[in-house]
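Novice: got a predicted model here, sequence first, then my questions.
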Amino acid sequence: MTTLSFKAITAALLLGGSGLAMAANDGQSRANELLSADPQYRETWQGVVKKEERLPEWVLNLSGTAEQMNAVEEDGDKYLVGPLCETADTCLNKRLIVAFSLDKEDAYAMLVEVPAGLPADKSPTRHADYRFIGKPDEGMQKLLMEQLKKDPNWY
């Protein structure tokens, strides 16, 4: 019995440890880390935002609070997509959904702004302003909207 328990514990530790190692090295990124992690991301993003007017500083620099990005496919192309918020406290009011092609050649985003102080019984969806950045086509716009809808606080 002791041997079985020892083997079970050892197996659990080995599996758990390998899972942690894979999670730490799964290639996942956060939007607020991309520009400093790779010059190609920075160059692509700067090319996109230089054509835009009056963007907030946190959008220009992709700085703020971010969650893990995910690989998503759209029209046969793969993108790294994830949310970025100005701050954790203002995430419902000011957020950006960012998509970079895996080859780092293209970038798109959707800036979502909801009036501050919106009563809890009011749907942020109905009061939000949406601004697309990088001239995404209809399919990419749909992908960015779908990413926003994955937020459980977005209704």
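Specialist: On my side now, so go ahead.
Novice: contacts only, for residue 106.
Specialist: With contact set as C-beta atoms under 8 Å, 6 or more residues apart in numbering, residue 106 has these partners: 44, 100, 134. Just so you know, the C-beta spots here come from the backbone N, C-alpha and C atoms, and that holds for glycine as well.
Novice: recalculate using a threshold of 7 Å.
Specialist: Residues in contact with residue 106 (C-beta atoms under 7 Å, 6 or more residues apart in numbering) are residue 44.
Novice: and for residue 62?
Specialist: 31, 32, 34, 35, 45, 84, 98.
Novice: what do you get for residue 108?
Specialist: Shown in contact with residue 108 (C-beta under 7 Å, 6+ apart): 99, 133, 134, 136, 140, 144.
Novice: what's the closest of those to residue 92?
Specialist: Comparing those against residue 92 with C-beta to C-beta picks out residue 144 as the nearest, at 17.1 Å.
Novice: so the closest one is in which element?
Specialist: Residue 144 is located in helix 138-149, with elements delineated by DSSP states H and E.
Novice: now do that helix: everything it contacts.
Specialist: Against helix 138-149 from outside (C-beta under 7 Å, 6+ apart): 72, 74-75, 81, 83, 97, 99, 108, 110, 112, 132, 136, 154.
Novice: now, of these, which are buried?
Specialist: When the contacts of helix 138-149 are checked for burial by 16 or more other C-beta atoms under 10 Å, the buried set is 72, 74, 81, 83, 97, 99, 108, 110, 112, 132, 136.
Novice: what's the nearest residue to the residue nearest to the spatial centre of the chain if we skip its chain neighbours?
Specialist: In the chain, the centroid-proximal residue (C-alpha atoms, centre = their mean) is residue 82; its distance is 1.2 Å. The shortest distance from residue 82 to any non-neighbouring residue, by C-beta to C-beta, 6 or more residues apart in numbering, is to residue 69 (3.2 Å).
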